[in-house]
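Participant: Show me the folded form of this:
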Amino acid sequence: MHELALPLLIALIAIALAFDYLNGLHDAANSIATVVATRLLGPVTAVGFAAFFNFAAYFLMLAVPSLHKVAETVGAGLIDKDLVTPAVIFGALIGAMFWNVVTWLKGIPSSSSHALVGGLVGAGVAHAGFGGIEWTGLNMTLVAIVLSPMLGMLLAMAIMLATSWLFRNNPAREADRGFRFLHLFSSAAYSVSHGLNDAQKTMGIITVLLYSTGYLNGEFHVPHWVAIACYLAIALGTMTGGWRIIETMGSRITKLSQHQGFSASAGGSVVVFCASLLGVPVSTTHTITGCVIGAGVARRASAVRWGVAQSVVVAWIITIPASAAVGALFYSLTRLF
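Facilitator: Numbers count the residues shown, from 1 in each chain. Next up is the predicted model:
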């Protein structure tokens, strides 16, 4: 255990919650881009809608405790929890926040999740070398980088095709009304899944900080107050919105109909809920982007602006190494004091 003065502990927890807030701001596009792009909801209503269901994930977590595995993976499954120090946590958070701000300013829907993973791994390796990495958890997360958007794309395409067949005999106007309702429901489900998976990443960081400094009694577990604080922070961040990213997600990749918006958010929610059950800190951004592409391709391949999609993929590839480098740098700077 590493002793830490209470004021420094509070400051690090505040930084972690600031990251959680930034995560919500950065990832607001995940939940609302489709409903804004299709004009199902106005922008202000949409962010309030998403924030409400982000926080509603807290009650789902209480009802289904098995959905709490992501926090354990981030807190103890990426870096050996017994090697974590406050300096490692500081480096990880600053590395992740730096990359989030850069991509937010550029309007690039990169992954807050993998920025945090990269920052944690970079700071952890700088502290303890590669021997401190929990390879099983890290490899599982790296595999999810590839699988989540692919599965999302395929599932969105399948939903598009299946519902097109089911509604084939309905008049176009009647079908559109039905998809408007389904789109709103699926967007709510995706907002819940986003809050459930993403808030837990910060829970894991705060919990391992408490564990490593001797402030967590007993076995590694997420205190109740940590869960509430993290769900509140991500919900408040979502209310702020990341408008540049919303534009990229909702209209620059492909133009969406209500049918496509429903298919994208429905496919995304299934993938993210399954990931939470498995304890995988999956990228909600990667997942919904793959779903949006899949919904566009189901209409026709030329409906997708592949140049924009390619720039998004490039951001995915460099997120972990970029945030890892910044995390290692800020960890190293703490050694000067």
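Participant: Surely residue 203 and residue 221 touch.
Facilitator: No: using Cβ atoms under 8 Å, residue 203 is not in contact with residue 221, being 10.4 Å away. C-beta here means a position set from N, CA and C on the backbone, and glycine is covered the same way.
Participant: next one: phi and psi at residue 78?
Facilitator: Torsion angles at residue 78 (phi, psi; degrees, to the nearest 10) stand at phi -110, psi -40.
Participant: Pull out the buried positions in stretch 260-278.
Facilitator: 260-273, 275-276 (16 or more other Cβ atoms under 10 Å).
Participant: Stretch 90-102 too?
Facilitator: Neighbour-count burial for stretch 90-102 [16+ other Cβ under 10 Å]: 90-100, 102.
Participant: Just give me the closest of those to residue 284.
Facilitator: Distance ranking of these against residue 284, using Cβ to Cβ, places residue 100 first at 13.4 Å.
Participant: got TSV for the buried residues of stretch 90-102, with distance to residue 147 and pLDDT too?
Facilitator: TSV is the format used below for the buried residues of stretch 90-102 (distance: Cβ to Cβ, whole Å; pLDDT from 0 to 100):
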residue	distance to residue 147	pLDDT
90	31	93
91	28	93
92	24	93
93	26	93
94	29	91
95	24	87
96	22	88
97	26	87
98	27	85
99	22	81
100	23	77
102	26	81
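Participant: State the distance from residue 86 to residue 93.
Facilitator: According to Cβ to Cβ, to the nearest Å, residue 86 and residue 93 sit 11 Å apart.
Participant: Check the contact lists of the two and give me the overlap.
Facilitator: Common contacts of residue 86 and residue 93 (Cβ atoms under 8 Å, 6 or more residues apart in numbering): residue 12.
Participant: Quick one: mean pLDDT over the helix or strand containing residue 69.
Facilitator: Using DSSP states H and E, residue 69 falls within helix 69-76. Helix 69-76 shows a mean pLDDT of 90.
Participant: cool, stretch 157-169 as well?
Facilitator: Average pLDDT, stretch 157-169: 90.
Participant: Other residues contacting that stretch?
Facilitator: Outside stretch 157-169, the residues that reach it (Cβ under 8 Å, 6+ apart) are 175, 178-179, 259-260, 262-263, 266-267, 294-295, 297-299.
Participant: more crowded one of residue 203 and residue 221?
Facilitator: For residue 203 versus residue 221, the count of surrounding residues by other Cβ atoms under 10 Å is larger for residue 203: 27 against 16.
Participant: which residues sit in contact with the more buried one?
Facilitator: With Cβ under 8 Å, 6+ apart, residue 203 has these contacts: 71, 74-75, 222, 226-227, 230.
Participant: In space, what's closest to it - neighbours in sequence excluded?
Facilitator: Closest residue to residue 203 apart from its sequence neighbours, by Cβ to Cβ, 6 or more residues apart in numbering: residue 71 at 4.1 Å.
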